[in-house]
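1. I would like to see how this sequence folds:
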Amino acid sequence: MFYVKETLNDALEIKTEITDENVFCRCPRCGTEVKVDLNEFFGDEEFDLFATALYCDDCGRKVRS
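-> Got it, this is the predicted structure:
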């Protein structure tokens with residue numbers, strides 16, 4: 001199981017399992033929340049979690065036009 005962990009202060013730490021329902025990013029163009037399917041990236045040797053940005057559907061259409 002993969003999970004994220006964040007220490008909020010000395011007395012409080014939050015851990016949550018990473019699932020196909022709880023991974024999101026922000027569109028780099030408009031800031032809209034975008035749901036991410038990490039399965040699309042597994043196996044891609046070029047994948048860089050920190051350098052990857054995903055556009056929302058609207059901005060993606062504008063960029064491709």
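
2. Need the contact partners of stretch 58-65.
-> Cys27, Arg29, Cys30, Thr32, Tyr55 (C-beta atoms under 8 Å, 6 or more residues apart in numbering). (Each C-beta comes from the backbone N, C-alpha and C, glycine too.)

3. Ok, stretch 9-23 next?
-> For stretch 9-23, contacts defined as C-beta under 8 Å, 6+ apart pick out 1-8, 35-39.

4. Which among the residues you listed count as buried?
-> Neighbour counting over the contacts of stretch 9-23 (16 or more other C-beta atoms under 10 Å) leaves no buried ones.

5. From these, pick the one nearest Ala51.
-> Using C-beta to C-beta, Val36 comes nearest to Ala51 of the contacts of stretch 9-23, at 14.1 Å.

6. The closest one - nearest residue in space that isn't next to it in sequence?
-> Val23 (4.5 Å; C-beta to C-beta, 6 or more residues apart in numbering).

7. and that neighbour, how far is that from Thr32?
-> Going from Val23 to Thr32 by C-beta to C-beta, to the nearest Å gives 15 Å.

8. Could you pull out the strands in the chain for me?
-> Assigned by DSSP state E, the strands in the chain fall at 3-9, 12-17, 24-26, 33-35.

9. Could you list the paired strands of the last one along with their orientation?
-> The pairing partners recorded for strand 33-35 under DSSP bridges are strand 24-26 (antiparallel).

10. Adding distance to Asp44 and mean pLDDT, write the strands of the chain out as a markdown table.
-> Below are the strands of the chain laid out as a markdown table (distance: least, C-beta to C-beta, whole Å; pLDDT from 0 to 100):
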| stretch | distance to Asp44 | mean pLDDT |
| --- | --- | --- |
| strand 3-9 | 21 | 95 |
| strand 12-17 | 23 | 96 |
| strand 24-26 | 16 | 95 |
| strand 33-35 | 18 | 95 |
